[in-house]
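**Q** next one to model:
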Amino acid sequence: MKILIMTDIEGISGVDDWEQVHRHGWEGEEKARERLMADTNAAVEGAIRAGADTVYVVDGHGSGKNFIPGRLDPRATQISVAEYLDIFAREKIDACLEIGIHAKPGTTHAFLEHVQSSKNWFAYRVNGVDYGEIAQGALYAGAYDVPFVMLSGDDAVCREGRELFGSNLACAEVKRGISWKKAESIDFEEAETRIRDAVEDGIRRRAEFKPFKLPLPLTIEVTFLRADICEEYMEMYPQLERIDSRTLRRISPEVKTYKDVLLY
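**A** Sure, this is the predicted structure:
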């Protein structure tokens, strides 16, 4: 059985201050990376307990240089973001999940809610509905009939996940969002236990989860924070259609790679 684990950092246990993500080269950032490895390894352990013989892990935050070398559980195989782009076409994956994910833009009291770029993107929509990054990953996997079975993060993203995929989705709530910049984390050992147990539970119950699919073709729209940002993206991606001062659109006829669920 092959399992894919995507990771982000905003929803990791112990990451409870926005500067841990936005301010580089200080002890808070190192704490975040330490916790990233702890949460990820707890997820790997849960997958192994559920019977996985291959566990792929992606360092999915920013440039993909957040993992601490030599600290990933050796039973897991790290793949790059580039390898992730078409992994479902190359291999038969049995289930996917996300560790350390965050809520979509506009979610009240969600810690660091955003989609792709908190500096530039205001909203991301598919077929007229607002979504976040968990929907992107699940939609990509769903095109290959791979179910999304588990996530970890704050209380807001757990609610979002269950609204999208059903109340039976396995979730590990590792902190409570207070505001965009602050969260309240639970005990670290408890967080790792919740992740380990939820991963094992979600994978064992993978047959309960229908692959996440939306009608094709996909109409993908991104609204930017300002018109000038929209115009900058238009210059970089002239193939996109501008539908108002801050919004660009593309039509994606099929989903073969992760890029097919993005704006460009």
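
**Q** please name the residues that touch G14.
**A** Listed by Cβ atoms under 8 Å, 6 or more residues apart in numbering, the contact partners of G14 are K31, A32, E34, R35, S185, F188, A191. Where C-beta positions appear, they are placed from N, C-alpha and C, glycine not excepted.

**Q** for the nearest residue to the last one once chain neighbours are set aside, grab the count of nearby residues.
**A** Right, the one you point to is A191. Distances taken as Cβ to Cβ, 6 or more residues apart in numbering place S13 nearest to A191, at 3.6 Å, with adjacent residues excluded. Per other Cβ atoms under 10 Å, the neighbour tally for S13 reads 31.

**Q** show me the contacts of G14 that map onto strands.
**A** Cross-referencing the contacts of G14 against strands under DSSP state E gives S185.

**Q** helices of the chain, start to end?
**A** 19-22, 27-49, 81-84, 87-90, 133-142, 155-165, 188-204, 227-236 (DSSP state H).

**Q** give me the buried positions along the fourth one.
**A** Applying a neighbour-count criterion of 16 or more other Cβ atoms under 10 Å, one finds I87, F88 buried in helix 87-90.

**Q** bridging residues for W121?
**A** Beta-bridge pairing for W121 (DSSP bridges): F224.

**Q** now do the same contact list for F224.
**A** Shown in contact with F224 (Cβ under 8 Å, 6+ apart): N120, W121, F122, C230, Y233, R246, T247, L248.

**Q** so the second one versus E221, what's the distance?
**A** Okay, so that is W121. 11 Å (Cβ to Cβ, to the nearest Å).

**Q** follow-up on the earlier one: filter the contacts of F224 down to the buried ones.
**A** Buried members of these, scored by 16+ other Cβ under 10 Å, are W121, F122, C230, Y233, R246, T247, L248.

**Q** tell me the pLDDT at the first one?
**A** Right, the one you point to is W121. Looking at W121, its pLDDT is 96.

**Q** that one and L225 touch, don't they?
**A** Yes. W121 lies in contact with L225 (Cβ atoms under 8 Å); the separation is 7.3 Å.

**Q** burial count for the closest residue to I134 other than its chain neighbours?
**A** Excluding its sequence neighbours, the residue lying closest to I134 (Cβ to Cβ, 6+ apart) is I101, at 5.4 Å. For I101, the number of neighbouring residues by other Cβ under 10 Å comes to 26.

**Q** who touches I101 in this structure?
**A** For I101, counting by Cβ under 8 Å, 6+ apart, the contacting residues are M6, D8, E10, G11, E133, I134, L151, S152, G153, V157.

**Q** which one of those residues is nearest to V21?
**A** Using Cβ to Cβ, E10 comes nearest to V21 of the contacts of I101, at 6.0 Å.

**Q** V129: how many residues sit nearby?
**A** By other Cβ under 10 Å, the residues close to V129 number 10.

**Q** for it, give its distance to C171.
**A** 21 Å.

**Q** surely T223 meets A123?
**A** Yes. Assessed by Cβ under 8 Å, T223 is found in contact with A123 at 4.4 Å.

**Q** joint contacts of these two?
**A** Here T223 and A123 share no contacting residue, scored by Cβ under 8 Å, 6+ apart.

**Q** looking at the protein, which helix or strand is least sure?
**A** One helix or strand of the chain scores below all others by mean pLDDT, DSSP states H and E: helix 19-22, with a mean of 84.
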